[in-house]
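Q: The following comprises the amino acid sequence and a computationally predicted model.
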Amino acid sequence: MQPDNGSYMIAGYIVVGTIYLVYALSLILRARDVRKG
Amino acid sequence: MTLNLGPGHAVIRRGLVLTVLGLVGVAALMVLALAYTPVEARQGLAQKIFYVHVPSATVLLWIAMPLTGLLSMLYLWLRDLRFDRLAAATAEVGTVFCLAVLATGPIWARPIWGTWWTWDGRLTLTLFLFFLLLGYHTLRASLRDPVERGRFSAVISIMGVVLVPFIHLSVYLWRGLHPQPIILKPSAPSLPPEMLRTLLVGFGVFILLFAGMVTLRYGIQLVRDAREAADAA
């Protein structure tokens, strides 16, 4: 029988998604700022 | 006075497109892992963290760090600021990948090993690499002279690259909980075909995301430097 640990998978995906998304957003905002000058 | 910021803007546009494609790719990878990849019998659903953890670690150790080291060496040799700019971009994105590896590892470890963290060789050296990268960014932020900043930070990044083979070999050198490589090893990959397919998609997606973020970060620095040069003139 498989262990019941799906919540860890969901937590892992949320954490990794948040890290990359937040960094991408920070880059996009920085790009917008430098383009505006 | 008109500013010539053309190349930087074009690089930013390219980086934006690649980054968005990379993020969409990560979302698609998660769907592929969840819906179209079998559940590992012993580890259960938590094993699916593998499809984001391993590609992030592979891009960090085998693309981001070697590239940062190579660009830093080229800067030390040729003193061309473009290499330093690009090295700073690959190091910054590499730090984000390192954070993703360090965050997902414990979430996977808790249900499988029964602990969030252990001072295993690979985990400890990866944490050490993360602190070294933080030191790299702190040093860069504290130095105003671009030549001095490039020279000092290049030395730190090369020290980071020296850690990479130790991180890779740590699972062979020291007894610990972290499993041995299943892809980057002399024999054939020890993974069922459906899992291997998802993992290979993961490699492609995270390479694309890395390329997009580095391009975007490099473009931002190009425009910044062009503005500073124009202001100084």
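A: On my side now, so go ahead. Being a predicted model, the structure only gives us computed values, none of them experimental. Numbers count the residues shown, from 1 in each chain, chains lettered A, B, ... in the order given.
Q: A helix includes A:Asp9, no?
A: Just to correct that, residue A:9 is Met rather than Asp. Yes: the assignment for A:Met9 by DSSP: H, G, I helix; E, B strand; the rest coil puts it in a helix.
Q: ok, now which ones touch it?
A: Residues near A:Met9 by Cβ atoms under 8 Å, 6 or more residues apart in numbering or on different chains: B:Leu45, B:Ala46, B:Gln47, B:Lys48, B:Ile49. Yep, even glycine has a C-beta here, placed from its N, CA and C like the rest.
Q: Spit out the contact partners of B:Ala88.
A: Here B:Ala88 is in contact with B:Arg140, B:Ser153, B:Arg217, B:Gln221 (Cβ under 8 Å, 6+ apart).
Q: hmm, back to that, can you pick out the most distant pair from the contacts of A:Met9?
A: By the measure Cβ to Cβ, B:Leu45 and B:Ile49 form the most distant pair in the contacts of A:Met9, at 9.0 Å.
Q: joint contacts of those two?
A: A:Tyr8, A:Met9.
Q: Just name the lowest-scoring one in the contacts of B:Ala88, pLDDT-wise.
A: Minimum pLDDT for the contacts of B:Ala88 is recorded at B:Gln221 (93).
Q: just checking, what packs against the helix or strand it falls within?
A: Taking DSSP states H and E as the criterion, B:Gln221 maps to helix B:193-232. Using 3 or more Cβ pairs under 8 Å, 6 or more residues apart in numbering or on different chains; DSSP states H and E, the elements in contact with helix B:193-232 are helix A:6-36, helix B:6-35, helix B:50-59, helix B:81-113.
Q: middle-most residue in chain A, spatially?
A: The centre of chain A sits closest to A:Thr18, judged by Cα atoms, centre = their mean, with a distance of 2.2 Å.
Q: Pull up the residues of chain A that are close to chain B.
A: Within chain A, the residues that sit near chain B (Cβ under 8 Å from any Cβ of the partner chain) are A:2-6, A:8-9, A:11-13, A:15-17, A:19-21, A:23-24, A:27-28, A:30-31, A:34-35, A:37.
Q: Now, of those, which are buried?
A: Neighbour counting by 16 or more other Cβ atoms under 10 Å in any protein chain shown classes A:5-6, A:8-9, A:11-13, A:15-17, A:19-20, A:23-24, A:27-28, A:30-31, A:34 among those as buried.
Q: Output the helices and strands packed on helix B:193-232 in TSV, with mean pLDDT and distance to B:Val161 appended to each entry.
A: As requested, the helices and strands packed on helix B:193-232 are exported to TSV (pLDDT from 0 to 100; distance: least, Cβ to Cβ, whole Å):
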stretch	mean pLDDT	distance to B:Val161
helix A:6-36	95	22
helix B:6-35	94	24
helix B:50-59	96	15
helix B:81-113	96	11
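Q: ranking those helices by burial, who's on top?
A: helix B:50-59 (a mean of 24; mean count of other Cβ atoms under 10 Å in any protein chain shown).
Q: So what angle separates the directions of that one and helix B:6-35?
A: Helix B:50-59 and helix B:6-35 are oriented at 140 degrees to each other (axes from the mean of the first three to the mean of the last three Cα atoms, to 10 degrees).
Q: what's the following helix or strand after helix B:50-59?
A: In N-to-C order, the element after helix B:50-59 by DSSP H and E is helix B:65-78.
Q: Enumerate every residue touching the closest residue to B:Phe97 other than its chain neighbours.
A: Spatially, and ignoring its direct neighbours in sequence, B:Phe97 is nearest to B:Leu60 (4.2 Å; Cβ to Cβ, 6 or more residues apart in numbering or on different chains). The contact partners of B:Leu60, by Cβ under 8 Å, 6+ apart, come to B:Gly94, B:Phe97, B:Cys98, B:Val101.
Q: Select, from these, the two members most distant in space.
A: The span of these, defined through Cβ to Cβ, is set by B:Gly94 and B:Val101 at 10.3 Å.
Q: so what pLDDT did B:Asp120 get?
A: Looking at B:Asp120, its pLDDT is 91.
Q: List the contacts of it.
A: B:Ser170, B:Trp174, B:Gly176, B:Leu177, B:His178.
Q: What of B:Pro7?
A: B:Leu222.
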